[in-house]
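# give the three-dimensional model of this entry:
(4 chains, ligands or ions: 4)
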Amino acid sequence: MVIVADQLVKVFPGVRALDGASLRLEAGSVHALLGENGAGKSTLIKILTGVQRPDQGRLLIGGEAVTLRSPTEAAQAGIGAVHQERNLIPAFSVAENIALQRLPIRRGLVDRAHMRAEARRILGLLDVDLDPDVRVDRLSVAQRQLVEIAKALYGESRVLLLDEPTASVSPAEAELLFTVVRKLADSGAGVLFVSHKLEEVFAICDTVTVLRDGRTVLDAEPIADHARDDLIDLMVGRSREALSFPPRPPATQPAVLELDRISTAAGHREVSLSVRPGEIVGLYGLVGSGRSELAKALLGLEPIESGSVRVRGKNVVIKDVRQALAKHRIGYVTENRKEEGLFLDQPVSRNIAVTVWGRIAGALGHVSPAREGELVSMWVDRLGIKLASSRQLAGQLSGGNQQKVSLAKWLAAETEILIIDEPTVGIDVRTKGAFHELIWGLAADGMAILLITSDLAEMITLADRVLVMRDFRIRGELDNDHHYDRTSQAVIRLIHSKEI
Amino acid sequence: STRPTESAAVPTAASTATASGPVELREGSKVKVALVPGGAHPYFQPWKEAARQSAADFHLGGVVFNETAEWDQAKQNNLLDSLAAQGYNAFGVFGVSPTDINTTFGDLKSKGFAVASLASCPAGDTNEADFCLSTDVEVAAYKAAKAAIDAMGGKGVLVHLTGNNVDANTQRRIKGVDKAVEETSGAVKLLPVVADVDKDLQTAQKAVADLLAARGKEIGGIVSTAYNPAVAAAAGVKKAGLPIKVVAIDDDPEILRAIREGSAYATIAQNPRGQAYVGSWALALLQSQQCTMRQPGVVIDSGSFLVTKENVDGYDTERRKTSEQIKQRFAAELLSCR
Amino acid sequence: MLIAICVAGYLSLVVASGGAFASGNAVQTFFQFLPVPVLIGLAQMIALSVGQLNLAVGALGGFLACAMGVLMADLGVPAPAAIVIGLALGAAVGALTGALVVFTRINGFIVTLATMTILIGAQYRLVGTRTVSDYSPGLKEFGQASVLNIPLVFLLALGVAALVAMFFRAAAPGRRMLASGSNPLAATLSGVSNDRSVILAHTLSGLVVAITAVVTVAVSPGVNRSIGGDWLLPSFAAPIIGGAVLTGGTAVVLGTVLAAFIVRLVDSARAEFSLQPSWVNFVVGAVVLGTVVLTRARETRRSGGSS
Amino acid sequence: MGPRRHRQAADGVSTRKPLFGLLGLIVVLVVVFGTLSPAFFDERLVLFPLLRDIAIYTVVGLAQMVVLSIGHMNLAVGRMAAFSAMFMGLSYDRLHLPLYAGLCIGLLAGAAIGAFTGWIIARTGVNSFVVTLAMDFALLGLIPVVYTALTANAAFTVKPDGMRELRQYSLGDVCLGNVCGSPAVPQMMLLAVAPMLALGYLYHGTRPGRELLLTGSNPLAAELSGIPTRRRVVTAHLLSGLLAGLAGFMLAVATGSFRATIGEEFLLPSFLGAILGGTAMAGGVVSVIGTFLGTSLTLVIRRGLELVGIGLEYLNVYLGVILLLALSADRFLQRRGVKS
Ligand SMILES: Nc1ncnc2c1ncn2[C@@H]1O[C@H](COP(=O)(O)OP(=O)(O)OP(=O)(O)O)[C@@H](O)[C@H]1O
Ligand SMILES: Nc1ncnc2c1ncn2[C@@H]1O[C@H](COP(=O)(O)OP(=O)(O)OP(=O)(O)O)[C@@H](O)[C@H]1O
Ligand SMILES: [Mg+2]
Ligand SMILES: [Mg+2]
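Ligands and ions are numbered 1, 2, ... in the order given. Now for the predicted structure:
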């Protein structure tokens, strides 16, 4: 069976999200859908799953035209999807979330036994071992991601649409997913795979479609015929050279941020690290190794049980983020934009300006709109955030652009110490490059940066030193020579080192 | 018992007959009377009928009965203004808030309207209205309590059920009952007042049930100065089968029924019909410039009647007689007419 | 937690009253007036479960009670028929409200406030200021009947509570309602229709209110325009003290029942110690706050109420 | 907190404030009622008292709006009004203070009780609904005790100088040279306009105002963006108490005495005005003008029905029906507008 999208157009107030996008998804193949942030990938997927109705264009399934009025209809047509936003019911069990599409009924009531069995079977496919009865809100980011995939597989989808499924999972878990995807494809399913990680794309996809500004610029061609760079050129519209930074002379000034044998309620033990001005210290680890929570503890959001925090040489106790920002000039870019980073129902301008009001507010806390306006537009330009107007609601931006906004917020704060947690999750190649240059530049200008990322390539591109964390302890440190193979080897070795 | 009121009323009636002839309203067609209670309540229902009748009897331009004030002084003020805007020029009002109503009366007077305070007088000792025709809530409560105490044989434990605790009228009812109890100099013990139980029938019913469950044995009498508690008390006592004397105020059919079947001992009936009927008449005389009050703001007792099983069927004729006497009293003593 | 408070409270009352409070009569009185708060609490909880509010709980209840009263007393409709009509009417009004919310997209708060106003008016149209009391003795007997001093109406309420709990725990529509309440977007993407959930929620809410009205008609000496006038805040207090979240996604049947129980305890205490109304209000305030602080404080350190 | 916010973000319509719609509705209704009963335009007997009510209930709506802005509620809004009115009455009755001095004392009391409520919420993290409900009960108990102890009829009836004038005077009484304001607009309206301007500036022009909105929009993100969310919670409830107090004062002046029953009718109108005006219950979105318009709409409907001579048998029924019809029509037109 093939599914064809023909010349789709979708207009939102102020944006043409899709502007003549076409897609041809063959059964039995893994099909990559590439494009920059805001290119229209998620919109296309929302249309293929009946979440949104196209303004123009047609959908054909197995040759005949169809209109999908709701996700249910899409499911009935055999289309399953993992959307970019997390879409689980926190208070429900894993099994129930997976089966929510079609709850099995026996004698008028939900048949939990059957539901559990189904869940086990599907989780088995992914060979993830998760208790089907555990509540989803007890799961880690990655675990939730896997549940979503299981959910999409439920109900024998013949077509599977994956919108950045690997954005927040560890490499190992990603590998797992890929084998499943292959299995499905070989068994005759059609899989559409959206990702900004081109390595993955080349690893598992057969064919590729590229969107630019809502228009299809490369239509279902064998991926083998294309090199990484010309795909990037197609997405971006102009060629650009891959960037790599030379190692820098180690920073010399005294450390501005030092953790000395910190133990936290969250479970960290004896964590020590220090960051100098002009230095990027990478904190690597698998999902759930405790990096974000370390950052949170540092900002007073998790109680610190023992050890000391020194900022610019002085012992400090940080009560909350406000204090960290105002008094110590420390900023924290959260990893989880929807819950912790953004105000989805607020204009983008406020989302960005929130950290600067303290600085620009005058008497009576008056904020000059002009001053705010120019700051906002400056950062919108510098990060190339794609929006209709700065009054647009953050919730209406594309996933990647939302991520940019939550970063812009902290860059605008002009702190001296910046903790960045998973900065480039779901960010397209070009912008990723821009981010990297930006972060590198910030350090060059003397900012002290603690970088948390699960993206090893990114870590090796940026970090001067890499600390490896596992199970809430620092397992080791190594200097980064920005040489991917060598350093990655070393990091992986540290992670899997057996010594306690 | 109600003897005093009457014996007080009768001689004056006699005297008027001799002093001056009855006053006839000459030209009522320009007078439009609005009768405005504080809100919907059984007590005011007789006003409706009285409104129709006075309009017919005295050939008035119109008499309207409007209960949309919903027990909110601000709403009532607006309502009065709206009615004025519609051309009504004489107002018989039961003020929602006795402490505010003088202000309202003042405003109406200053706009040149005749105003009567019906069924309750403004708090304090001034009355901005032309006259106040009522049995004061405090007096009514006092009489109810006395009736209950008499029925209890002058001793025992009495409970007082009433409405919104922060309402000024409630405060006056509480005073009335307290007064009656004090007069027994300790022979009657009054339990702490149970207020705020008029919100809805079930709140009242619950309160009564809890009360009887907790103190039923010792209680000798219940006096209820609010409607729902009265209905609830009658039913509750009947169900519990306790020898408790329930005395209510007002004579809503439901309460009269309770008296007939013996679940309530008595009620203090007032004279809403008379208030509205005589009130409209006097207002018409004033607004048509035919008469003026000799003593503006005077307070007239509209009468109150102890209703028990014995006189439950007869008390209304007695009441109509009183109304007639009040009318004559107006003619004889209170009004000075051209 | 709530259970502990209930038991402790009840026992302390029994002790304080020198055992009198354990006597059959007192027990019966205590439970006689529990069904209504429990049921209106449940009705509100059902609306809350999808993130809706139902301000019309009291007005609808009062209207239905009066309607049934008038049907039986004035039009001589037999009790069973009147009850069926009442239940149907309740569900219908609920469904209509839900439909209005869904199709006009007007805030549910406004819609139910408007329906509340309308129903209050209708209730007055029906009975004016009189009290309708001479209807089906059979129904009134049922209202007073009890087994082992536990009133039937209370058992009825417990039955309803059990059904509601069942519905939210095990019935597919119930689960879908919770999904909609907890995260509408996710629900949509899982093929759950939020609109349907909202309509269903209001319908069920209306139905439970109708049951409350039936109980009211059975228990109280009569019905008049005051019925339901005092239901609004209690209907919210019970589920929210019980742990429901205003933005939806929760169904706390047990909590609601227990919370209603606690409030009822305060009533009884008021009578037992013939407390001043002012003091009682203090007590209620304190109990409410105390209970919730104890149950919730550990849960959330996040600032502010959940709404 | 998620759901409503997602719902809003999902479609732009529900977040845009229906101001013009409301204004249109009000105009239409005024015209209709005006033609049904020309008395509607009687300045002295209709417009003046109507505007006075609008002034009072706008302030009531604002008192609710400020807590809605952080996603909270204040169920004690009426009782806080009574509480602060009580202090005003006290200061006139016992301290014989002039009108505005007493006002200030009362407002302080209102702000204090509001701040206290907010403080409890911020400390315990308990749902504002429950805390304010409890506070309502507590005050409901406290206030009568004080009044019965100090007054004969649960009210302070002293009338400080200027009270009568404030109640009766209109802009017609303030003249520059020989040009006078409209006699239909009560001077009390100024007491509503002042807070409207202040709040408008607070929310649009200042840091604390925006921080209130963001706290309502997403408390966790607000905390993580360096907003002192707890302090903001206190701020919002403080303002709520303050405004409730002001409304209490205005009502007392309009009706005549500072009494215990002040504010009993405030609760539902406070929500109705704010929410009709486009303020989101979930927090993060407010509209000051909207609150004013929403309040006006409901009061205009009621007053119009009164003038047409609708009795209690139909008043409430029509009130609800008209409200629903009007809003549905408005929504319908809005969506048409968006489509085209
Ligand atoms: N509900 C909406 N309202 C308004 N604009 C929207 C809405 N949804 C998407 N858009 C706009 O449509 C464009 C495409 O969005 P989409 O999410 O499809 O991009 P994308 O390709 O998924 O980007 P990313 O890789 O960052 O997820 C963006 O400019 C976005 O701002
Ligand atoms: N195995 C697990 N089971 C349950 N919860 C987990 C697990 N691993 C992590 N979590 C939770 O999920 C979140 C992710 O862990 P955390 O962010 O602290 O570590 P991390 O190394 O920063 O992971 P990430 O790469 O997602 O940032 C934390 O709230 C953590 O408590
Ligand atoms: Mg996307
Ligand atoms: Mg993390």
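# could you check the pLDDT of A:Gly78?
Reading off the confidence values, A:Gly78 has pLDDT 87.
# and it, how many neighbours does it have?
18 (other CB atoms under 10 Å in any protein chain shown). All C-beta spots, glycine's among them, are computed from the backbone N, C-alpha and C.
# and the nearest residue to it once chain neighbours are set aside, how close does it get to ligand 3?
Distance criterion CB to CB, 6 or more residues apart in numbering or on different chains; nearest residue to A:Gly78, sequence neighbours excluded, is A:Arg158 at 3.8 Å. In this view, A:Arg158 and ligand 3 are 23 Å apart by CB to the ion, to the nearest Å.
# quick one, what contacts A:Arg158?
With contacts taken as CB atoms under 8 Å, 6 or more residues apart in numbering or on different chains, A:Arg158 has the following neighbours: A:1, A:27, A:78-79, A:188-190.
# for it, give its distance to chain C.
Noted for A:Arg158: a distance of 16 Å to chain C, by CB to the nearest CB, to the nearest Å.
# so for that residue, what's the pLDDT?
With respect to pLDDT, A:Arg158 scores 86.
# do you know how far it is from A:Met447?
51 Å (CB to CB, to the nearest Å).
# in chain A, what spans have low per-residue confidence?
Filtered on pLDDT under 70, chain A yields the residue ranges A:1, A:237-243, A:497-500.
# quick check: the residue of it nearest ligand 4.
Closest residue of chain A to ligand 4, CB to the ion: A:Ser292 (2.7 Å).
# is it true that that residue touches A:Ile452?
Yes. If you go by CB atoms under 8 Å, A:Ser292 and A:Ile452 touch, sitting 6.5 Å apart.
# anything in contact with each of those two?
Taking CB under 8 Å, 6+ apart as the contact rule, A:Ser292 and A:Ile452 both touch A:335, A:421.
# show me the contacts for A:Thr43.
If a contact means CB under 8 Å, 6+ apart, then A:Thr43 has A:10, A:17-18, A:52, A:214 as its contacts.
# correction: the previous question concerned B:Ala123.
B:98-99, B:168, B:172, D:152-153, D:155, D:157.
# which among the residues you listed end up buried?
B:98-99, B:168, B:172, D:153, D:155, D:157 (16 or more other CB atoms under 10 Å in any protein chain shown).
# mind listing what A:Val82 touches?
A:145, A:148-149, A:151-152, A:160-163, A:165.
# look up phi and psi at it.
Dihedral angles of A:Val82 (phi, psi; degrees, to the nearest 10) stand at phi -110, psi 110.
# and it, how far from A:Leu88?
Taking CB to CB, one finds A:Val82 at 11 Å from A:Leu88.
# and for C:Gln123?
Taken as CB to CB, the span from C:Gln123 to A:Leu88 is 44 Å.
# between those two, which is the more surrounded one?
Set side by side, C:Gln123 and A:Leu88 show more neighbours around C:Gln123, with 28 against 25, by other CB under 10 Å.
# contacts only, for that one.
C:59, C:62-63, C:66, C:225, C:227-228.
# try it again at 10 Å.
Counting by CB atoms under 10 Å, 6 or more residues apart in numbering or on different chains, C:Gln123 makes contact with C:58-67, C:223-229, D:316.
# in the stretch 1-150 of chain D, what spans have low per-residue confidence?
D:1-18.
# let's see stretch C:247-258 as PDB, backbone CA atoms only.
Output of stretch C:247-258 as PDB, limited to C-alpha atoms (Å, rounded to 0.1, in the frame of the first residue of the first chain):
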ATOM      1  CA  THR C 247      -8.300  21.700  35.600                       C
ATOM      2  CA  GLY C 248      -9.500  18.100  35.200                       C
ATOM      3  CA  GLY C 249      -8.100  14.700  34.900                       C
ATOM      4  CA  THR C 250      -9.000  13.500  38.400                       C
ATOM      5  CA  ALA C 251     -11.900  11.500  39.800                       C
ATOM      6  CA  VAL C 252     -11.800  11.200  43.600                       C
ATOM      7  CA  VAL C 253     -15.000   9.500  44.600                       C
ATOM      8  CA  LEU C 254     -13.900   8.300  48.000                       C
ATOM      9  CA  GLY C 255     -12.300  11.700  48.800                       C
ATOM     10  CA  THR C 256     -15.500  13.400  47.900                       C
ATOM     11  CA  VAL C 257     -17.600  11.200  50.100                       C
ATOM     12  CA  LEU C 258     -15.200  11.600  53.000                       C
END
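# related to what we said a few turns ago, just the buried subset of the contacts of A:Arg158, please.
A:1, A:27, A:78-79, A:189-190.
# among the contacts of A:Val82, which one sits closest to D:Ser225?
Nearest to D:Ser225 among the contacts of A:Val82, counting by CB to CB, is A:Gln145 at 25.6 Å.
# flag every residue of chain A that's near ligand 3.
A:42, A:84, A:399 (CB under 5 Å from the ion).
# who wins on neighbours among those?
Going by other CB under 10 Å, A:Ser42 tops these with 26 neighbours.
# is any part of the helix or strand where it lies close to ligand 1?
According to DSSP states H and E, A:Ser42 maps onto helix A:41-48. Yes. Against ligand 1, helix A:41-48 shows contacts by CB under 6 Å from any ligand atom at A:41-43.
# which stretches in chain C count as strands?
In chain C, the strands defined using DSSP state E lie at C:146-147, C:150-151.
# now check the first one, is it near chain B?
No. Using CB under 10 Å from any CB of the partner chain, strand C:146-147 stays clear of chain B, with a minimum separation of 12.6 Å.
# for that strand, name the packing helices and strands.
Here strand C:146-147 touches helix C:24-32, helix C:152-170, going by 3 or more CB pairs under 10 Å, 6 or more residues apart in numbering or on different chains; DSSP states H and E.
# follow-up on the earlier one: what's the overlap in contacts for A:Val82 and A:Leu88?
Here A:Val82 and A:Leu88 have A:145, A:147-148, A:151, C:189 as joint contacts, going by CB under 10 Å, 6+ apart.
# tell me the residue furthest from the middle of chain A?
Distance from the C-alpha centroid of chain A, by CA atoms, centre = their mean, peaks at A:Arg107 (42.3 Å).
# who's in contact with that residue?
By CB under 10 Å, 6+ apart, the neighbours of A:Arg107 are C:Ala170.
# wait, D:Phe116 touches D:Ser240, no?
No. Contact criterion CB atoms under 10 Å: D:Phe116 and D:Ser240 do not qualify, at 11.7 Å.
# let's verify the closest residue to D:Glu43 other than its chain neighbours: helix, strand, or coil?
Closest residue in space to D:Glu43, ignoring its immediate chain neighbours: D:Ala184 at 4.1 Å, by CB to CB, 6+ apart. With DSSP: H, G, I helix; E, B strand; the rest coil as the basis, D:Ala184 sits in coil.
# gap between D:Ala184 and ligand 3?
56 Å.
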